[in-house]
Each structure stands twice: as C-alpha cells, then as structure tokens.
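J.: Structural data only, the sequence is not supplied:
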C-alpha cells in the first residue's frame, strides 16, 4: 500500500488516523482480555504499523524530525 501511494503521489507528507471500529456492547462481567486485544490490535497496533512504515519516507523529505 505504501509503495502504491508513493508511486502515485510522489511522497507522503502527513498521516491522519481517523478510523475506528464499533466497540461491541459487552457486560463487564463477560468482558475478556481477548476483547481488549482485538480492539487494541485493530486500533492501536494498526496505527503503529502504518506510522512505522511511513516515518522513514517522511523523515527523508524533512516532514518528520526524530
């Protein structure tokens, strides 16, 4: 996906994370760690993976300073 975006647009200058999935309604007594892991993997881990994939591209162009 990243290669396709760079090929189409030339570079990546910004990343905006504004997606989320619906959180199922689960009674606290029925809530399991697996429910948290699923949510974290979908919301947090996916954002981290995307940012790690693009930060070097953005850094080379001067959009990110680490």
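T.: Yep, it's here. Treat the numbers as computed from the prediction; the structure is a model and nothing was measured.
J.: element containing residue 49, please.
T.: Per DSSP states H and E: residue 49 is located in helix 46-60.
J.: Pull out the buried residues from that helix.
T.: Neighbour counts over helix 46-60 (16 or more other C-beta atoms under 10 Å) mark 54, 57-58 as buried. Every residue, glycine included, has its C-beta placed from N, CA and C.
J.: chain center to the worst-scoring helix or strand of the chain on mean pLDDT, what's the gap?
T.: One helix or strand of the chain scores below all others by mean pLDDT, DSSP states H and E: helix 33-40, with a mean of 87. Using C-alpha atoms, centre = their mean, to the nearest Å, the mean C-alpha position of helix 33-40 is found 16 Å from that of the whole chain.
J.: tell me the angle of that helix relative to helix 46-60?
T.: Counting by axes from the mean of the first three to the mean of the last three C-alpha atoms, to 10 degrees, helix 33-40 lies at 30 degrees to helix 46-60.
J.: Now do the SS call for the residue in the chain sticking out farthest from the centre.
T.: Taking C-alpha atoms, centre = their mean as the measure, the residue most remote from the mean C-alpha position of the chain is residue 29, 29.8 Å away. Of the three states, residue 29 takes helix according to DSSP: H, G, I helix; E, B strand; the rest coil.
J.: So for it, what's the pLDDT?
T.: Note on residue 29: pLDDT of 93.
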